[in-house]
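# take this sequence and fold it.
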Amino acid sequence: MHPAADLPDKKGMSRVNRVNELRALSDTRAVRIGSRIGVSICADLLRDAGAVVQTARPSNEVELRAALLHADIAITSSDVDPAWIGSALGAITQANPRMITVDITGAGTFGPLAGLALTDLQVQAMCGLMDSTGVTGGPPTAIGFPVVEVSAGIYGAIGAATALLARDRDGIGQAVDVALYDCAVNALTTFLPKALAGGSASRIGNRHPLGAPWNTYPTRDGWALICAVSEDQWARLSGMIGPALALDTRFRVVADRVAHVDELDALVSAWTSSFSTLDLLARCEQFNIPCAPIIRVEDLPNDPNIVHREMIHDPVADPGCATMATRTPGVPFKMRTGRAVNGPRIAPQSSTATSDSSSTSGRPGHKPVLRGVRVVEVGQYTTAPLVAKNLAALGAEVIKVEPAEGDATRFWKPGQGDMGYFFAMTNTDKSVVTVDLKDPSGRDQFCALLRGADVLVENMRPGALERLLGAGAAPVELNPALIHCAISGFGVDSAYPGRPAFDTIAQAMCGMMDLTRAGGVPTKAGISAADILGGQVALFAILCSLRDGKGPIHSGASVDLAMQDVGVWATYPAWSGQITRGDHLIVTCPEADYVAEAPATVLAAWAQQSGLEVLDGCAPCQRPASELAGGLDAAGVSLMRIRPIADVLSQPHFIARCLTSGRDTAGTFWPLVNAPYRLRLTPAISQIVPGALGADNARVFGIRNK
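The predicted structure is shown next:
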């Protein structure tokens with residue numbers, strides 16, 4: 001069984017956005033052929049960047065050929081589509097070497113599982129996403145929207161945009177291979193380090209492993225998230241709750257609070273239960289305590305920031321009859337473009353092929369797509385580093401700006417020496433410089449970097465960078481040709497100016513947590529889903545900003561990326577009610593946990609016939625799964641083992657497709673993960689892990705002053 005998406009084609013529907021100037025792909029025609037959810041996501045994102053997208057559901061090869069005749073991009077899902085479609089597409093691409101094909105499949109086109117039509121839920125089970133989601137001591141939990149399909153769709157659009165930039169330079173198209181499996185593995189950045197060191201990850205629900213109180217707490221009318229980890233925040237919060245709590249020695253410092261987190265959460269829950277959600281939010285805001293409501297999907301259209309940023313649209317014909325099923329999402333990135341400047345960003349290539357391996361950085365046949373592009377990154381944790389890492393893998397020169405004490409994640413354990421695996425995996429192929437932006441000489445150095453840069457990507461709190469630089473030194477004023485991508489929780493143009501946001505808060509306020517339930521409680525995805533999807537969309541927006549409808553340009557652009565926006569857009573397949581993937585049931589057997597998938601009525605009948613008692617989507621089973629497997633095919637139910645993250649590393653498919661390695665400047669080898677979008681001619685390749693802190697300062701400054 002391989003459930004497919006038949007989401008409505010939004011061509012002709014209102015996709016108005018008051019700050020988007022969608023010209024980047026205005027010269028591009030794409031044909032959506034495949035039936036996967038990821039294909040729909042990819043097509044929508046290309047349309048959001050200005051492409052004309054046609055949905056082809058032909059009944060014969062002649063009609064398909066007609067649809068592809070003038071297309072630049074074909075988006076397919078070969079593992080679930082009829083075989084004759086692939087044959088027809090192959091004939092078209094042979095006749096048209098400029099064609100770009102994006103194939104979004106469950107397991108990819110090579111490796112031991114190649115061609116296996118894996119579903120989103122099956123990939124969540126195989127790759128550790130379910131193992132990392134859920135409450136401590138509880139069963140694994142499926143993420144409540146097709147997160148891997150959505151991620152694959154975005155990476156498909158990233159691959160298409162990259163291939164267009166390569167075609168602008170080289171004149172030929174290429175194939176892009178995107179596997180849900182690879183996308184899921186790439187989302188495990190916070191869990192892989194422990195697995196690489198031989199440890200095992202554990203489910204922690206909505207808690208944080210390094211701080212407390214950080215959890216979802218009940219209110220009189222719903223749920224709210226409180227994230228108070230610093231000592232100052234704890235002092236203010238405990239003072240609000242009561243003097244006895246403030247003086248309780250069990251909670252004196254953060255390590256004590258983590259050690260006694262069950263008792264602490266019980267006390268905080270008793271306090272929050274006496275307030276409405278709005279009252280609790282107001283009290284926490286008054287005392288500067290990070291807090292957020294768990295927004296139900298049906299309430300998303302009423303959130304002030306979602307309204308302000310136009311992220312949910314009523315149907316044009318009859319807005320008065322709007323329901324979640326009839327509404328459509330807005331564009332997940334806000335873009336303004338500046339004036340054009342003569343000269344291409346992308347370095348031209350003298351011929352379509354070269355045998356000069358020394359100039360291709362390990363890429364066979366073609367030079368890196370972003371060769372000649374300089375990127376400055378000011379970012380920590382996940383989003384901005386993810387964007388810049390991928391730009392570097394595509395050939396850009398990336399300069400990561402760190403404070404004097406270093407990136408906060410540089411020293412996270414486990415790792416090797418003074419560097420953690422997390423930092424190594426998220427910062428490959430970057431030069432590292434240290435700059436004190438609070439010092440005048442440091443600001444001068446940073447401004448010099450911006451004057452010679454093509455792209456600035458940062459995830460500071462909105463306005464923080466401009467305040468540090470001072471009047472007259474805003475990035476766009478220093479360099480009118482700069483592409484400035486600012487990533488934040490709620491956007492630069494926001495109804496919540498200055499409100500802090502973490503991945504958990506973004507998940508709470510975009511519908512992700514409402515859709516994902518563990519024992520009935522709204523629960524965040526174990527992976528940093530809002531951060532990761534936000535970084536992916538930001539990467540796509542930057543790639544589009546490097547060209548317009550007539551090819552490469554040298555023009556400034558401002559990209560305002562809010563993780564809440566991306567979350568609302570990404571959960572659309574679920575909150576619209578249009579999703580067609582099967583229902584699921586977590587089956588806990590003595591030897592392992594499994595996910596059973598089928599249409600709801602089929603699944604219920606199978607569970608009853610198998611003698612399984614279902615509660616909150618989970619069915620404890622005292623028998624081994626082998627005794628349940630006999631009637632699966634006849635019942636139309638698939639059963640997939642839920643693998644612990646530690647087991648993922650030993651899977652042959654992981655080794656074949658995902659595992660690679662790189663060296664740091666001292667020659668030490670580091671395990672890395674391949675990019676999940678595979679371009680046949682101009683692949684993204686990670687090779688170099690940043691070396692010692694500040695080692696490249698002298699080399700970087702003064703390289704180029706454009």
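# quick one: contacts for Cys294?
Let me fix one detail, which is that residue 294 is Ile and not Cys. Thr216, Gly222, Trp223, Ala224, Leu225, Ala508, Met513, Asp514, Pro522 (C-beta atoms under 8 Å, 6 or more residues apart in numbering). Yep, even glycine has a C-beta here, placed from its N, CA and C like the rest.
# Cys284 is in contact with the fifth one, correct?
No - proximity of Leu225 to Cys284 does not meet the contact threshold set by C-beta atoms under 8 Å, at 10.0 Å.
# quick check: neighbours shared by these two?
What both Leu225 and Cys284 touch, as defined by C-beta under 8 Å, 6+ apart, is the set Cys291.
# with respect to Leu615, which of the contacts of Ile294 is nearest?
Pro522 (17.9 Å; C-beta to C-beta).
# ok, the closest one touching Asn215?
No - counting by C-beta under 8 Å, Pro522 does not reach Asn215; the two are 11.1 Å apart.
# what would the contacts of Ile294 look like in JSON lines with neighbour count, secondary structure and pLDDT?
Shown next, in JSON lines, are the contacts of Ile294 (neighbours: other C-beta atoms under 10 Å; DSSP: H, G, I helix; E, B strand; the rest coil; pLDDT from 0 to 100):
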{"residue": "Thr216", "neighbour count": "23", "secondary structure": "strand", "pLDDT": "97"}
{"residue": "Gly222", "neighbour count": "17", "secondary structure": "coil", "pLDDT": "96"}
{"residue": "Trp223", "neighbour count": "21", "secondary structure": "strand", "pLDDT": "97"}
{"residue": "Ala224", "neighbour count": "23", "secondary structure": "strand", "pLDDT": "97"}
{"residue": "Leu225", "neighbour count": "24", "secondary structure": "strand", "pLDDT": "97"}
{"residue": "Ala508", "neighbour count": "29", "secondary structure": "helix", "pLDDT": "97"}
{"residue": "Met513", "neighbour count": "30", "secondary structure": "helix", "pLDDT": "97"}
{"residue": "Asp514", "neighbour count": "25", "secondary structure": "helix", "pLDDT": "96"}
{"residue": "Pro522", "neighbour count": "23", "secondary structure": "strand", "pLDDT": "97"}
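# quick one: the strands in the stretch 151-300 of the chain?
Using DSSP state E, counting those that start in this stretch, the strands of the stretch 151-300 of the chain run over residues 175-179, 214-218, 223-227, 291-293.
# for these, which one ends up most surrounded?
Of all those, strand 175-179 has the most neighbours on average by mean count of other C-beta atoms under 10 Å, namely a mean of 26.
# about what we covered before: what about the strands of the stretch 151-300 of the chain, which gets the closest to Val375?
When the strands of the stretch 151-300 of the chain are ranked by proximity to Val375, the top entry is strand 175-179, at 21.8 Å, counting by C-beta to C-beta.
# strands paired with that closest one, and their directions?
Next to strand 175-179 in the sheet, as set by DSSP bridges, lie strand 100-105 (parallel), strand 677-679 (antiparallel).
# so for Leu561, which of those sits nearest?
strand 677-679 (18.9 Å).
# what's next to the closest one, contact-wise?
108, 155-156, 158-159, 162-163, 166, 174-178, 182, 369, 684.
# ok so, going back, where do the contact lists of Pro522 and Asn215 overlap?
Asn206.
# re the thing from before, quick one: which of the contacts of strand 677-679 sit in helices?
Tyr155, Gly156, Ile158, Gly159, Thr162, Ala163, Ala166, Asp182 (DSSP state H).
# any idea how many residues pack against Met324?
Met324 has 17 neighbours, counted by other C-beta atoms under 10 Å.
# that one is in contact with Glu298, isn't it?
Yes - with contact defined as C-beta under 8 Å, Met324 and Glu298 form a contacting pair (5.8 Å).
# intersection of neighbour lists for these two?
Between them, Met324 and Glu298 share the contacting residues Trp575, judged by C-beta under 8 Å, 6+ apart.
# mind listing what's buried along stretch 77-84?
Ser77, Ser78, Asp79, Val80, Asp81 (16 or more other C-beta atoms under 10 Å).
# avg pLDDT for that stretch?
Taken as a whole, stretch 77-84 has a mean pLDDT of 92.
# that one: how far from the chain's middle?
In terms of C-alpha atoms, centre = their mean, to the nearest Å, the centre of stretch 77-84 is set 26 Å apart from its chain centre.
# ok, residues contacting it?
2, 4, 33-36, 38-39, 61, 85-86, 103-107, 109, 115-118.
# what about 6 Å?
His2, Gly34, Ser35, Arg36, Val39, Gly86, Asp103, Ile104, Thr105, Gly106, Gly115, Ala117 (C-beta atoms under 6 Å, 6 or more residues apart in numbering).
# okay if I get the residues you listed as CSV plus distance to Glu466?
Below are these laid out as CSV (distance: C-beta to C-beta, whole Å):
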residue, distance to Glu466
His2, 49
Gly34, 43
Ser35, 46
Arg36, 42
Val39, 40
Gly86, 50
Asp103, 42
Ile104, 39
Thr105, 44
Gly106, 44
Gly115, 51
Ala117, 49
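# may I ask which two of the residues you listed are separated the most?
Longest span within the contacts of stretch 77-84, C-beta to C-beta: Val39 and Gly115, 16.8 Å.
# run a quick neighbour tally on Arg327.
17.
# residues near the closest residue to it other than its chain neighbours, how many?
Closest residue to Arg327 apart from its sequence neighbours, by C-beta to C-beta, 6 or more residues apart in numbering: Ile312 at 5.3 Å. Neighbourhood size, Ile312 [other C-beta under 10 Å]: 21.
# what of Thr409?
Thr409 has 19 nearby residues by other C-beta under 10 Å.
# how far away is it from Ala384?
Thr409 sits 12 Å away from Ala384 when distances are taken as C-beta to C-beta, to the nearest Å.
# where's Pro97 relative to Gly173, distance?
6 Å.
# between these two, which one's more packed in?
Taking neighbours as other C-beta under 10 Å, Pro97 and Gly173 compare with Gly173 leading, 22 against 12.
# let me see the contact set for that one.
Arg98, Met99, Ile100, Arg167.
# between those residues, which is closest to Ala675?
Ile100 (16.9 Å).
# you'd agree that closest one is up against Thr162?
No - counting by C-beta atoms under 6 Å, Ile100 does not reach Thr162; the two are 9.5 Å apart.
# reformat the ones in helices among the contacts of strand 677-679 as CSV; add pLDDT, distance to Leu394 and neighbour count.
Shown next, in CSV, are the ones in helices among the contacts of strand 677-679 (pLDDT from 0 to 100; distance: C-beta to C-beta, whole Å; neighbours: other C-beta atoms under 10 Å):
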residue, pLDDT, distance to Leu394, neighbour count
Tyr155, 98, 13, 30
Gly156, 98, 15, 33
Ile158, 98, 9, 29
Gly159, 98, 10, 31
Thr162, 98, 6, 27
Ala163, 97, 11, 27
Ala166, 95, 9, 25
Asp182, 98, 16, 29
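# what's the most distant pair in the residues you listed?
Longest span within the ones in helices among the contacts of strand 677-679, C-beta to C-beta: Ala166 and Asp182, 20.2 Å.
# just give the closest residue to Arg203, not the sequence neighbours.
Gly134 (4.4 Å).
# what helix or strand does that neighbour sit in?
Counting by DSSP states H and E, no helix or strand carries Gly134.
# measure it to Ile204 for me?
9 Å.
# Trp606 now?
Taking C-beta to C-beta, one finds Trp606 at 32 Å from Ile204.
# was I right to think Pro332 contacts Val566?
Yes - under the criterion of C-beta under 6 Å, Pro332 makes contact with Val566 at 4.7 Å.
# which residues do the two both contact?
Val537.
# need the contact list for the residue nearest to the spatial centre of the chain.
Residue closest to the average C-alpha location in the chain (C-alpha atoms, centre = their mean): Leu533, at 1.9 Å. Contacts for Leu533 (C-beta under 6 Å, 6+ apart) come out as Val566, Ala570.
# now it: which helix or strand?
helix 529-545.
# that helix - what's its average pLDDT?
97.
# can I get the CA coordinates of it in CSV?
Extracted C-alpha coordinates of helix 529-545, given in CSV (Å, rounded to 0.1, in the frame of the first residue of the first chain):
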residue,chain,number,x,y,z
ALA,A,529,10.7,20.1,12.8
ALA,A,530,9.9,23.9,12.7
ASP,A,531,13.7,24.8,12.7
ILE,A,532,14.5,22.2,10.0
LEU,A,533,11.6,23.0,7.6
GLY,A,534,12.1,26.7,8.2
GLY,A,535,15.8,26.3,7.2
GLN,A,536,14.8,24.3,4.1
VAL,A,537,12.3,27.0,2.9
ALA,A,538,14.9,29.7,3.6
LEU,A,539,17.5,27.8,1.4
PHE,A,540,15.0,27.6,-1.4
ALA,A,541,14.2,31.3,-1.2
ILE,A,542,17.9,32.2,-1.3
LEU,A,543,18.5,30.0,-4.4
CYS,A,544,15.6,31.6,-6.1
SER,A,545,17.0,35.1,-5.2
